[in-house]
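>>> Structure for the following, please:
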Amino acid sequence: MPNKIRITFTISRATLSLVLLTFLCCILLIIRVVETQQVQGVFLLWNLFLAWMPLFFALVARRLAKSVEVITKPKQTAIYTILAFWLLFFPNSPYIITDLIHLGEYQTHILWFDTVGFFIAALAGMATGLYSIYVAHQVLNRLITSLIAWIIISVSIMLSGFGLYLGRFVRFNSWDLFTNPFYLLRKSLQELQNPLAMQTTMVFTLVVMVLYISLIILIPNRHASLKNVA
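Below is the predicted model:
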């Protein structure tokens, strides 16, 4: 009898908690659609999908980094490429917080319910983004020194703040880097002179950085090692 190959997949408690949050958001949106017979707010599902993209790339990078004892140059290049995609999609996670501005467009008599739904969506998106930073940070610690890893993470968070501004106010999205890269670059350089862009970038950089540091403080040291789980 030939030996059977078993493929096992382990999901971490952190990822499971994010799945539950996302599931709760979906349930609340379904309830709203059924009760109101309107699809208003369903766009949050797409935004949640985009918020999960950076975590997906971060987990892939961590799997790749953990798969071997010695990381060769080609594999290192592959990991950095994957982390570049993580950074590209990361602004989608805190972006959901800005969706709260849409609450003013909703019906008053169920505003309390919509507020809960938007809050859960924002919480799920932000929590997913923070965990993706944590995973990406783990991978960087495997490749480079702790100081340089912190510098890269800090710069990444700052860039994500500017990316969030581009998404909310200039209406760019992550795909524009592939569909219209030159216009994206030119417009981004122009927006650097906009005071609102600087204000938005600084505020979200501060918020995400403090939230991430708080997350690290909350995580016990025994879980700080790189693990081969999703």
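
>>> Please verify my assumption that residue 158 contacts residue 201.
Yes. Judged on CB atoms under 8 Å, residue 158 makes contact with residue 201 at a distance of 6.7 Å. Heads up, the C-betas are built off the backbone N, CA and C, glycines and all.

>>> out of these two, which sits in the busier spot?
residue 201 (21 against 17; other CB atoms under 10 Å).

>>> Please name the residues that touch the more buried one.
Counting by CB atoms under 8 Å, 6 or more residues apart in numbering, residue 201 makes contact with 158, 161-162, 164-165.

>>> mind checking the backbone torsions on residue 91?
With angles defined as degrees, to the nearest 10, residue 91 sits at phi -60, psi -20.

>>> which one is it nearest to, not counting chain neighbours?
Leaving aside its sequence neighbours, residue 91 sits nearest to residue 163 (CB to CB, 6 or more residues apart in numbering; 3.5 Å).

>>> and that neighbour, how many residues sit next to it?
Residue 163 has 25 neighbours, counted by other CB under 10 Å.

>>> And the host helix or strand of it, what's buried?
Per DSSP states H and E, residue 163 falls inside helix 146-168. Within helix 146-168, the residues that count as buried by 16 or more other CB atoms under 10 Å are 149, 152-153, 156-168.

>>> which one of the contacts of residue 201 is nearest residue 76?
Distance to residue 76 across the contacts of residue 201 (CB to CB) is lowest for residue 158, with 24.1 Å.
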